[in-house]
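Colleague: coords below, sequence missing:
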């Protein structure tokens, strides 16, 4: 299927196709290997947790920060371009 065919599909058809693709990928017998840099990052994070240097942020704080950025971005769009 090419992108021009996908663009002709309704939103519902595209969502159903994505679900079918995701379902097929989830049930594959072989796994796609993660890149080596993923392993490096995970090891760094584990070290930080073990050393007590890791910082955790609550979902509530993440949402509040995202909302703050969103509203801050909205204010910038309202500003005059000069």
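Modeller: That came through fine. All figures in this text were calculated on a predicted structure; none of them were measured in a lab. Numbering: from 1, shown residues only.
Colleague: from the chain's centre, how far out does stretch 44-56 sit?
Modeller: Distance of stretch 44-56 from its chain centroid, counting by C-alpha atoms, centre = their mean, to the nearest Å, is 22 Å.
Colleague: Give me the mean pLDDT for that stretch.
Modeller: Mean pLDDT, stretch 44-56: 95.
Colleague: next one: stretch 8-22
Modeller: Across stretch 8-22, pLDDT averages out at 95.
Colleague: how far does that stretch sit from the chain's center?
Modeller: The answer for stretch 8-22 is 19 Å, by C-alpha atoms, centre = their mean.
Colleague: One more: stretch 61-78?
Modeller: For stretch 61-78, the distance to the chain centre is 18 Å (C-alpha atoms, centre = their mean).
Colleague: And the strands in this structure?
Modeller: Counting by DSSP state E, the chain has no strands to list.
Colleague: quick one, longest helix in it?
Modeller: Criterion DSSP state H: the longest helix present in the chain is helix 59-78.
Colleague: ok, and what's touching it?
Modeller: Residues from elsewhere that reach helix 59-78 (C-beta atoms under 8 Å, 6 or more residues apart in numbering): none. In this view, the C-beta of every residue, glycine as well, is placed from N, C-alpha and C.
Colleague: Mind listing what's buried along that helix?
Modeller: For helix 59-78, the buried set under the neighbour-count rule, 16 or more other C-beta atoms under 10 Å, is empty.
Colleague: what's the average pLDDT for that helix?
Modeller: Per-residue scores along helix 59-78 average to 82.
Colleague: For burial, what's the neighbour tally of residue 17?
Modeller: 13 (other C-beta atoms under 10 Å).
Colleague: Check residue 3 too.
Modeller: 7.
Colleague: do you know how far it is from residue 38?
Modeller: Distance, residue 3 to residue 38, using C-beta to C-beta, to the nearest Å: 29 Å.
Colleague: what about stretch 16-24, distance to the chain center?
Modeller: With C-alpha atoms, centre = their mean, you get 18 Å for stretch 16-24.
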